Structure formats: C-alpha cells, structure tokens
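1. Output the structure for:
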Amino acid sequence: MIDGLRRAGKTILLTTHYMFEADVLCDRIAVIAGGVFVATGTPQDLKASVANQTIVEIETFGIAPETVDRLRAIPGVTGVGMETRDQAQVLLVSAAHGAELVQPLLKELEGSTVGRVVTREPTLEDAYVELVRSA
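-> Residues are numbered from 1 along each chain as shown. As a prediction, the model looks like this:
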C-alpha cells in the first residue's frame, strides 16, 4: 500500500526500525539518535558513508564473550556486532574495504562451532548502526 501511494506521487512520512523496509520505500531518510538528527540523505547516500567497509558475517553457535573481544582486537577490524538468528549467533565484523580477515577471524574461532561465512558489502542497516554508534 505504501509503495502504491509513493508511486502515485504522494508524500509519506514513515517511521520504522526496519532498514530493509526504509531502503525499499524511502526516497530520503533521516537517522535520529538520542533525539538528534545524525544523518539525512537518500538510502544510497547513507550506504555510501560506509562504502569503504566490508562486512564479514560468521554464523556461530555458543560463542563466548571473551572470543568476541579477541575478534575486536584483530588488526583491521573496525567493529564487531552480534545478532541472534534462530539458534545461531551471527557475528557482524566490520573492516576496511578489501581487508582479508576471514582467515584471522576463523583462527580466533577455533574450537567454536562455525556455520556459514559470508563477505558482503554494507547495507543500510550497517550504515544505521555506524551512524548511531558514532553519534
């Protein structure tokens, strides 16, 4: 319905925490942290703010907090986040674009159960997290 209104040229103010939804439906986005605007622009503008990064997603099971701290200490790592998806923990490791971190990361995870490992470009969600963290 929202997309239909948008295509009809209507102005819509959408408040959402779902960055995938915002990326698809919004022409302009304002990111608010602590009641203050920290960034505004198109979804492409906001993603470009973290375009110099690569994200490594590592699916793990039962990882210890001290292991996450060791990952943060690897040279080249700029941030480590964790999400719970079903019964897995997914580590989201940010690094400078082009950094080869998969092998050092997996070395630190030896002894842990690791599922899939994916290297990808940043999403609007990644940009949002970075903007809010920097605010």
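
2. Okay, and the residue nearest the centre of the chain sits in which element?
-> The chain has Asp126 as the residue nearest its centroid, 2.5 Å off, counting by CA atoms, centre = their mean. Using DSSP states H and E, Asp126 sits within helix 124-134.

3. Could I get the average pLDDT for that helix?
-> Helix 124-134 shows a mean pLDDT of 87.

4. Quick one: residues in contact with it.
-> Applying CB atoms under 8 Å, 6 or more residues apart in numbering, the external contacts of helix 124-134 come out as 19-20, 22-23, 29, 31, 33, 38-39, 43, 46-47, 49-50, 53, 55, 79, 81, 92, 94. Using the backbone N, CA and C atoms, a C-beta is placed for each residue, glycine as well.

5. hey, where'd the strands end up in the protein?
-> For the chain, the strands defined by DSSP state E occupy 29-33, 36-41, 53-61, 77-85, 88-96, 113-120.

6. what lines up beside the third one in the sheet?
-> If you go by DSSP bridges, strand 53-61 pairs up with strand 88-96 (antiparallel), strand 113-120 (antiparallel).

7. between the longest one and strand 77-85, how many degrees?
-> Strand 88-96 and strand 77-85 meet at an angle of 160 degrees, taking axes from the mean of the first three to the mean of the last three CA atoms, to 10 degrees as the criterion.

8. Check the average confidence over strand 88-96, would you?
-> 92.

9. One more: stretch 29-45?
-> Mean pLDDT, stretch 29-45: 94.

10. what's that stretch in contact with?
-> With CB under 8 Å, 6+ apart as the criterion, stretch 29-45 contacts 22-23, 26-28, 46, 49, 124, 128, 131-132, 134-135.

11. By neighbours, which of these wins?
-> Leu46 (25 neighbours; other CB atoms under 10 Å).

12. For Leu92, see how far away that residue is.
-> 17 Å (CB to CB, to the nearest Å).

13. Check Ile63 too.
-> 13 Å.

14. Mutual contacts of those two, please.
-> Met82.

15. any chance of the contacts of stretch 29-45 in a markdown table, plus distance to Arg7?
-> Converted to a markdown table, the contacts of stretch 29-45 look like this (distance: CB to CB, whole Å):
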| residue | distance to Arg7 |
| --- | --- |
| Ala22 | 17 |
| Asp23 | 16 |
| Cys26 | 13 |
| Asp27 | 11 |
| Arg28 | 16 |
| Leu46 | 22 |
| Ser49 | 27 |
| Leu124 | 20 |
| Tyr128 | 25 |
| Leu131 | 28 |
| Val132 | 30 |
| Ser134 | 34 |
| Ala135 | 33 |
